[in-house]
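Asker: starting from these lines, generate the structure:
(2 chains)
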Amino acid sequence: QQQVKQSPQSLIVQKGGISIINCAYENTAFDYFPWYQQFPGKGPALLIAIRPDVSEKKEGRFTISFNKSAKQFSLHIMDSQPGDSATYFCAASRLYGGATNKLIFGTGTLLAVQP
Amino acid sequence: DTAVSQTPKYLVTQMGNDKSIKCEQNLGHDTMYWYKQDSKKFLKIMFSYNNKELIINETVPNRFSPKSPDKAHLNLHINSLELGDSAVYFCASSQKRTGELFFGEGSRLTVL
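Answerer: Purely as a prediction, here's the structure:
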């Protein structure tokens, strides 16, 4: 019930294309769904996050789509750039109902954007 | 000015040794975490402290002992190191009830 499943494991996209990464969760108590971006040798950094009371959130070229009934959420990167090449992690937690933000991470997607 | 800093960045040590990793945050956050990232890049929470109080203690061997002397510092001591302890250990901090975790750059531990 604590798992967050992420796919694909790796993704190659041409510059200017759309990158799509999908995640699924089981625990309906989760109320916070962030995406983190990690470059080699660095720690993960928050990219964008969503709460389950909205179905979509957009920040620049990054959009989260959220489907509460299916218990799935996805990250769309529009106009993908070589600088977007990194590992992306989805995550989930019971932020608003828990004592602390215990993030459960997906397994990660290695994105390579080819010039 | 680094927000979450960890030392050392790299540790190479022999099996059976004891080692410590230190973490400091200057963001004024009240919650700190240790995460382990294995060779397949899987990130798993180990511990969380809120205002020096242990809140989360996942199923981690008791060879791992966190210590928070104050809310800006969280250290990790590992006894009797094993090969399987080789990983990158990340410290993170957040303000309680806000979502964003700020991660350090990690400490890569290699056990030979």
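Asker: and the strands in chain B?
Answerer: According to DSSP state E, chain B carries its strands in the segments B:4-7, B:10-13, B:19-25, B:31-37, B:43-50, B:53-57, B:64-70, B:73-78, B:87-94, B:102-103, B:107-111.
Asker: bridged to the one residue in chain B that gets nearest to chain A, which residues?
Answerer: Going by Cβ to the nearest Cβ, chain A is nearest to B:Phe103 of chain B, at 3.1 Å. Yep, even glycine has a C-beta here, placed from its N, CA and C like the rest. When assigned by DSSP bridges, B:Phe103 has beta-bridge partners B:Ala92.
Asker: could you list the low-pLDDT ranges of chain A?
Answerer: Scanning chain A for pLDDT under 70 picks out A:1, A:97-99.
Asker: quick check: residues of it near chain B?
Answerer: A:32, A:34, A:38, A:41-46, A:49, A:87, A:89, A:93, A:95-96, A:99-105, A:107-108, A:110 (Cβ under 8 Å from any Cβ of the partner chain).
Asker: those in strands, which ones?
Answerer: Those of the residues of chain A next to chain B lying in strands (DSSP E): A:34, A:38, A:45-46, A:49, A:87, A:89, A:104-105, A:110.
Asker: save those residues as CSV, and put in neighbour count too.
Answerer: Shown next, in CSV, are these (neighbours: other Cβ atoms under 10 Å in any protein chain shown):
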residue, neighbour count
A:Pro34, 23
A:Gln38, 22
A:Ala45, 14
A:Leu46, 16
A:Ala49, 18
A:Thr87, 17
A:Phe89, 27
A:Ile104, 19
A:Phe105, 23
A:Leu110, 15
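Asker: quick check: the farthest pair among those?
Answerer: A:Ala49 and A:Leu110 (21.1 Å; Cβ to Cβ).
Asker: residue of chain A with the smallest distance to chain B?
Answerer: A:Gly43 (3.1 Å).
Asker: do you know how far that residue is from A:Ile50?
Answerer: 22 Å (Cβ to Cβ, to the nearest Å).
Asker: and B:Phe103, by the same measure?
Answerer: Where A:Ile50 is concerned, B:Phe103 sits at a distance of 20 Å (Cβ to Cβ).
Asker: ok, the two, which is more surrounded?
Answerer: B:Phe103 (23 against 20; other Cβ atoms under 10 Å in any protein chain shown).
Asker: my guess is B:His77 contacts B:Lys22, does it?
Answerer: No - counting by Cβ atoms under 8 Å, B:Lys22 is not a contact partner of B:His77; they are 9.8 Å apart.
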